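Student: here is my input; please provide its structure:
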Amino acid sequence: MRILGLDYGEKRIGVAICDELGFTAQGLPTIIRKTKKHDWEILGSLIRDYKVEKIVIGYPVRLDGSEGIQCEKVNRFTAILEATFFLPVVKWPETLSTKEAEEILINSGIRWEKRKKMVDKLAACLILQGYLDSITK
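Tutor: The predicted model follows:
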């Protein structure tokens, strides 16, 4: 089963896909948000090209477990994803995934300009890999 992982943001959407066996997440190019039509066309192409059967989207709950404004935005986006593509969407807790991704890139010695382009993709990988690890235990 191919699962698409998303790190939703207002300017960019980090994207990852799992291998066909569902063991590992690999990053795909980040979607630079332009228009709703543009964003949905790219997501639709990815879903078709990779024969996606499920989507995992990062759910940014606060450290205390409560939901904030960003969760509302993810909930709206998730509802449109489900209605548009008729696929199950799993909201996966992603607290600090972007911060973790940034730390990984910094520790890898990657310069700021490159990190900015890679952080959303890596965050999507971390979200999807966390989900995959939880279902294969």
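
Student: contact partners of the helix or strand encompassing residue 73?
Tutor: Using DSSP states H and E, residue 73 sits within helix 69-85. Here helix 69-85 makes contact (C-beta atoms under 8 Å, 6 or more residues apart in numbering) with 8, 10, 40, 43-44, 47, 55, 57-61, 87-89, 91. In this view, the C-beta of every residue, glycine as well, is placed from N, C-alpha and C.

Student: looking at these, which has the most residues close by?
Tutor: Among the contacts of helix 69-85, the one with the most neighbours (other C-beta atoms under 10 Å) is residue 58, at 27 neighbours.

Student: now it, what's its secondary structure?
Tutor: Under DSSP: H, G, I helix; E, B strand; the rest coil, the three-state class of residue 58 is strand.

Student: right, and it touches residue 7 too?
Tutor: Yes. At 4.9 Å, residue 58 and residue 7 qualify as touching, with contact defined as C-beta atoms under 8 Å.

Student: what touches both of those two?
Tutor: With C-beta under 8 Å, 6+ apart, residue 58 and residue 7 have common neighbours 94, 97, 123, 124, 127.
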